[in-house]
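Participant: any chance you can model this:
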Amino acid sequence: MRTATRPLVTADRLGRFFDAGSIALVGASDTSGWARNIVLSCQLTGFAGTLVPVHPKHSSAFGRPTVPTLRDLAEPVDLAFVLAPTHAVEGVLEDAAAAGIRHAVVLASGYREVGGDGARLQDRLVEQAVRLGITVLGPNCLGYLNAHTGSAPFALTIPPPLAAGPVGLVLHSGALATAVLDFARAHAIGVSLLTSMGNESVITTVDVVNHLVEDAATKVICLFLEGIGQPEEFALAARNASRAGKPIVALKVGASLAGQAAALAHTGSVAGDDAVVDAILRQLDVIRVGSLEELLTTAALLGYHPHPKGRRVAVLTASGGACDIIADRAADAGLEIPDFTAETTTAIAAHLPPFASARNPLDVTGYVLAHQRSDPLTALDHALDAAVDDPNIDAVLYAGVAMPAVRPADERLAGLIERRMSWLGRRVATSPVPVIALSSTCVDLGPYARELLAPQRINVLGGIDLATRALGNTLRWLDSCAADRPWPTLTGGGQRTHPAAWSELAARQLLGAAGVPLIPAELARTPEAAVAAAHRLGLPVALKVCGPGIAHKSDRGGVALDLGTDQAVRQAYKRVAGEDGSVLVSPMRTGGLELLAGVSLDPTFGPVLAVGLGGIFVEVLRDTSLRALPVDEPEVRRMLGELRGAPLLSGARGSQPADLDAVAAAVVALTRAAATVEKLQAIEVNPLWVCGSRVEALDALVVTEGGSADAAHRER
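Facilitator: Coordinates of the predicted model:
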């Protein structure tokens, strides 16, 4: 069905869809709250086009004459907003096609969101849209608003004033749109396009992202996601955005751990749904945030400020407490607060009281704020003037824009404020580094502040916590975009059942053929054969039960370790051997570090690699890094560096440092093995033993759908 809808969502079609110059409201009446909201939305945005109510029984609506049906229009409109009930939607779309209308928003619910008959009804709606050649947004959709052109077929109230700006918003929740717009208004964050998505029958989130990548008015794309339904297309859209230099900021909800189908492997349990989403969004250069406030604040920083070239920030405040908070939050966000140069320190000190210290972070003290002045500029402004030219600084956090809600009655004071804002606008515009204005708390900007700041193109981020998070998000996005790595291929794994484990012998054969380094091991089917193998391999040895369908050997008493005598091997054989008497004998390894490396099949995104601390503590420590495949060796090294246990690999406390190149090569070989297995659910090495340059898989597991026929074939 997606292939059939592609002609309806081309760049040209969506460009015209989201800039409708004439709109018909089908089912509009004076008693319809939805229709009233659309009329008010268009009034607020200054929509200069035609708005036509359509109703079979009423002669007028909202002071405008109606027409009975779309077929009665004198000429086609650009867009039909279908307010009719569910049972009437198909008839309205037939009327639209007959009237030459090619775009529609469908408000009605009762489709795929209710399942069963609703899903079948939505399938029929898509088939009808394809047959008629109508691009549909929805159903179960509240519409969109285009702040730059004024086109606003939007069925919710818009908090005034609505500022046009660089932030595109794509929302899986229509009802949250008002809250989003309210926060944007309060913090002077301008919107390019906002759209609710509804059920995404024809136009999908991916389509709108691609549209915003091409939209000249949009600099940053914000997503509120309840799910990622088209992972492969989403990855391509994210790549387009990254190449265009347009950040995507996403609030993805639904963080509960639903588990994995391949739960027989540790990899499946540590790669929980939300952990996978988090890792893949980072791979796609998508900034993931935890709240609507962080979503919009990060977008504001990216949309209104130049990108910093590094992590070194100057902090300029009038409060020692604010300095302390910013310093703490800066550390959390990965920011650095270096010393000023001697020249900068001297220039700043000239404007401070004798008891203040000209250092970074800077507190000019409340004295200078209380001191009555005739100069428009404050000590903070003089500090800013010096700090932006400091070679030690990549960006300035400037907590110096505190303004009254209304224009002061004192003309002298008002004049000082207004001349100061003019100076600040010029200094920010000419600064060699970004100047990021922030307030100490997330307070709303009053009308007077918005009136003065907008012409100066100054955006004030709301609060220390949000501002530092936004800057940290920005820097991580810049690092991610600069990284040279394979782009993930998201294929989707689907829902599978009946996982079955191969025997370890078959798993070893698969991994060895792919180049994974393996600990030597021999299969033994009698106690004496186990003893003979132990002597060939070298005592002490480990014995493990070997057979298909056995995933966690230690849980069933199928592992015996550190066997140093013939008698110990014989006794252990009798204890651990499987039904057919098969055991694997391998030498013991001491020292070193145990890692986990595995690939599990995520039902949404497909094969996902997990690398982390291994052994028996993998599910306790949950210190893992995740990536969608493919990966290369540099990317695996980055994964290892993300672990909390990374210092252990570097030789902490005098231990031997691990050969990270050898580890990365082994992990990439594991992913090659995964790519050769049909119906794979998981493939895992746990532990992957690392001791200096020696890297060996001590235990191997392969889980496939439905059985171990391949494993049995390999063993024969």
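Participant: which residues does the residue lying closest to M403 once chain neighbours are set aside contact?
Facilitator: Nearest-residue entry for M403: A449, 4.4 Å, with adjacent residues in sequence omitted and distances by CB to CB, 6 or more residues apart in numbering. (C-beta placed from N, C-alpha, C; glycine too.) If a contact means CB atoms under 8 Å, 6 or more residues apart in numbering, then A449 has A188, V401, M403, P404, A405, V460 as its contacts.
Participant: hang on, the third one packs against D444?
Facilitator: It stands for M403. No - the pair M403 and D444 does not pass the contact test of CB atoms under 8 Å, sitting 11.8 Å apart.
Participant: which one's more surrounded, the two?
Facilitator: M403 (20 against 15; other CB atoms under 10 Å).
Participant: per-residue pLDDT of that one, please?
Facilitator: At M403, the pLDDT value in this model is 86.
Participant: so what sits opposite the spatially most central residue of the chain in the bridge?
Facilitator: Note on the chain: the residue nearest the mean C-alpha position is R288, at 3.4 Å, using CA atoms, centre = their mean. Beta-bridge pairing of R288 under DSSP bridges involves A250.
Participant: that one and G425, how far apart?
Facilitator: In this structure, R288 lies at 33 Å from G425, with CB to CB, to the nearest Å as the measure.
Participant: thought the residue nearest to the centre of the chain was touching A279?
Facilitator: No - contact status for R288 versus A279: not in contact, 9.8 Å apart, counting by CB under 8 Å.
Participant: on the three-state scheme, L584 is what?
Facilitator: strand (DSSP: H, G, I helix; E, B strand; the rest coil).
Participant: and for it, the neighbour number?
Facilitator: L584: 26 surrounding residues under other CB under 10 Å.
Participant: and if you look at the one 4 residues further on?
Facilitator: Residue neighbour count, defined by other CB under 10 Å, stands at 16 for M588.
Participant: turn the contacts of A449 into CSV, including secondary structure and distance to V315.
Facilitator: Written out in CSV, the entries for the contacts of A449 read as follows (DSSP: H, G, I helix; E, B strand; the rest coil; distance: CB to CB, whole Å):
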residue, secondary structure, distance to V315
A188, coil, 22
V401, coil, 15
M403, coil, 20
P404, coil, 24
A405, coil, 26
V460, strand, 16
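Participant: which among those residues gets closest to G578?
Facilitator: Nearest to G578, judged by CB to CB, of the contacts of A449 is V460 at 68.4 Å.
Participant: hang on, that closest one packs against L445?
Facilitator: Yes - proximity of V460 to L445 meets the contact threshold set by CB under 8 Å, at 6.4 Å.
Participant: mutual contacts of the two, please.
Facilitator: Both V460 and L445 are contacted by H187, A188, L453, under the criterion CB under 8 Å, 6+ apart.
Participant: let me know the closest of those to P603.
Facilitator: H187 (38.1 Å).
Participant: tell me the strands beside the longest strand seen in the chain, with direction?
Facilitator: Among the elements of the chain assigned as strand by DSSP state E, the one spanning the most residues is strand 680-691. The strands that strand 680-691 pairs with in its sheet are strand 593-602 (antiparallel), strand 694-697 (antiparallel), strand 700-705 (antiparallel) (by DSSP bridges).
Participant: quick one on the thing from earlier: closest to L561 among the shared contacts of V460 and L445?
Facilitator: L561 lies nearest to H187 out of these, by CB to CB, at 60.3 Å.
Participant: quick check on that closest one: phi, psi?
Facilitator: Note on H187: its backbone torsions stand at phi -120, psi 20 [degrees, to the nearest 10].
Participant: pLDDT value on it, please?
Facilitator: pLDDT for H187: 96.
Participant: pull the contacting residues for the nearest residue to it once chain neighbours are set aside.
Facilitator: Leaving aside its sequence neighbours, H187 sits nearest to G462 (CB to CB, 6+ apart; 5.0 Å). The neighbours of G462, taking CB under 8 Å, 6+ apart as the test, are A186, H187, E293, T297, L438, S439, T441, C442, V443.
Participant: how many neighbours does V541 have?
Facilitator: Other residues near V541 number 27, with proximity taken as other CB under 10 Å.
Participant: from A20, how far out is the nearest residue to it once chain neighbours are set aside?
Facilitator: Excluding the flanking residues, the one nearest V541 by CB to CB, 6+ apart is A534, at 4.4 Å. Using CB to CB, one gets 79 Å for the distance from A534 to A20.
Participant: and these two? Which one has more around it.
Facilitator: A count of neighbours by other CB under 10 Å puts A534 above the other of A534 and A20, at 28 against 24.
Participant: what is the helix or strand encompassing that one packed up against?
Facilitator: Secondary structure assignment for A534, by DSSP states H and E: helix 527-537. Counting contacts by 3 or more CB pairs under 8 Å, 6 or more residues apart in numbering; DSSP states H and E, the secondary-structure elements packed against helix 527-537 are strand 522-524, strand 541-545, helix 566-576, strand 583-587.
Participant: which residues sit against that helix?
Facilitator: Applying CB under 8 Å, 6+ apart, the external contacts of helix 527-537 come out as 520-522, 524, 541, 543, 563, 566, 569-570, 572-574, 583, 585-587.
Participant: kindly report the same for stretch 168-175.
Facilitator: Contacting residues not belonging to stretch 168-175 are listed as 140-142, 156, 177, 180, 191-198, 205, 208-209, 212, 215, 218, 220-227 [CB under 8 Å, 6+ apart].
Participant: restricted to helices, list the residues you listed.
Facilitator: With DSSP state H as the criterion, helices contain A177, V180, T205, V208, V209, L212 from among these.
Participant: can you tell me which of those residues is closest to H103?
Facilitator: Ranking these by separation from H103, with CB to CB as the measure, puts V208 on top at 13.9 Å.
Participant: where exactly do the strands run in the stretch 101-250 of the chain?
Facilitator: According to DSSP state E, counting those that start in this stretch, the stretch 101-250 of the chain carries its strands in the segments 103-106, 135-137, 144-146, 164-171, 191-196, 220-225, 248-252.
Participant: just send those strands back as TSV, with mean pLDDT, mean neighbour count and distance to R419 too.
Facilitator: Written out in TSV, the entries for those read as follows (pLDDT from 0 to 100; neighbours: other CB atoms under 10 Å; distance: least, CB to CB, whole Å):
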stretch	mean pLDDT	mean neighbour count	distance to R419
strand 103-106	98	28	47
strand 135-137	98	28	47
strand 144-146	98	27	36
strand 164-171	98	25	26
strand 191-196	98	26	30
strand 220-225	97	26	32
strand 248-252	96	24	35
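Participant: quick one: which of those is nearest D332?
Facilitator: strand 248-252 (18.5 Å).
Participant: contact partners of that closest one?
Facilitator: Outside of strand 248-252, the residues that reach it under the criterion CB under 8 Å, 6+ apart are 209, 220-225, 228, 238, 241, 277, 281, 284-292, 294-295, 298-299, 302, 473.
Participant: same deal with stretch 2-13?
Facilitator: In this structure, residues lying in contact with stretch 2-13 by CB under 8 Å, 6+ apart are 102-103, 126, 129-130, 133-136, 202-204, 207, 210-211, 214, 230.
Participant: again, only this time at 6 Å
Facilitator: Contacts made with stretch 2-13 from outside it, assessed by CB atoms under 6 Å, 6 or more residues apart in numbering, are listed as V130, T135, V202, I203, D207, E214.
Participant: let me know the closest of those residues to R556.
Facilitator: Each of the contacts of stretch 2-13 was scored against R556 by CB to CB, and D207 proved nearest at 50.9 Å.
Participant: that closest one - how many residues pack around it?
Facilitator: For D207, using other CB under 10 Å, the count is 27.
Participant: buried residues in the strand or helix carrying L475?
Facilitator: With the criterion set as DSSP H and E, the secondary-structure element containing L475 is helix 464-482. Buried residues in helix 464-482, counting neighbours by 16 or more other CB atoms under 10 Å, are found at 464-478, 480.
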